[in-house]
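Asks: below is the structure, and that's it, no one-letter string:
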């Protein structure tokens with residue numbers, strides 16, 4: 001079942017990226033696109049929250065609001081980077097960003113496997129290999 005969720009998540013991220021590319025192609029303003037992404041997702045989540053009978057939690061609301069602010073600015077800066085930077089580097093860095101919470105979880109008592117330790121050790125190498133100023137994009 002996990003692979004089904006992974007496939008669905010990947011498909012939805014592709015749809016998100018394609019919708020963004022269409023918005024850029026039509027000359028839409030980035031902050032407006034970003035706003036409507038979160039308005040749409042908030043509306044869906046509100047309906048789901050009410051329909052499934054979930055209870056309100058102040059801690060969840062505070063954490064969710066903080067995360068929402070972080071996601072808004074992360075998405076906005078990502079949009080600006082796509083316009084001005086190299087797309088392949090952008091997606092690589094987004095993927096590598098997952099490594100930081102994993103590294104922090106070690107401080108909270110989680111025990112990574114040998115494979116996960118190797119992956120964490122390779123993050124700096126990936127940053128070096130993807131650093132701006134290298135490769136074909138820098139030559140242009």
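Replies: Alright, I've got the coordinates. This structure is a prediction, so every number in the text was calculated from the model and none was measured.
Asks: from here on, contacts and neighbour counts on C-alpha atoms
Replies: Will do.
Asks: which pLDDT value goes with residue 35?
Replies: At residue 35, the model reports a pLDDT of 88.
Asks: how much space between it and residue 19?
Replies: Shown here: residue 35 relative to residue 19, a distance of 14 Å by C-alpha to C-alpha, to the nearest Å.
Asks: same question, residue 109
Replies: From residue 109 across to residue 19, the span is 40 Å (C-alpha to C-alpha).
Asks: cool, and residue 28?
Replies: 11 Å.
Asks: same deal with residue 39?
Replies: Going from residue 39 to residue 19 by C-alpha to C-alpha gives 15 Å.
Asks: please apply the same query to residue 3.
Replies: The spacing between residue 3 and residue 19, counted by C-alpha to C-alpha, is 24 Å.
Asks: try residue 73
Replies: Taking C-alpha to C-alpha, one finds residue 73 at 18 Å from residue 19.
Asks: about what we covered before: who has more neighbours, residue 109 and residue 19?
Replies: More crowded of residue 109 and residue 19, by other C-alpha atoms under 10 Å: residue 19, with 13 against 8.
Asks: tell me who's in contact with the more buried one.
Replies: Contact analysis of residue 19 by C-alpha atoms under 8 Å, 6 or more residues apart in numbering lists nothing.
Asks: having no further points to raise, I will conclude here.
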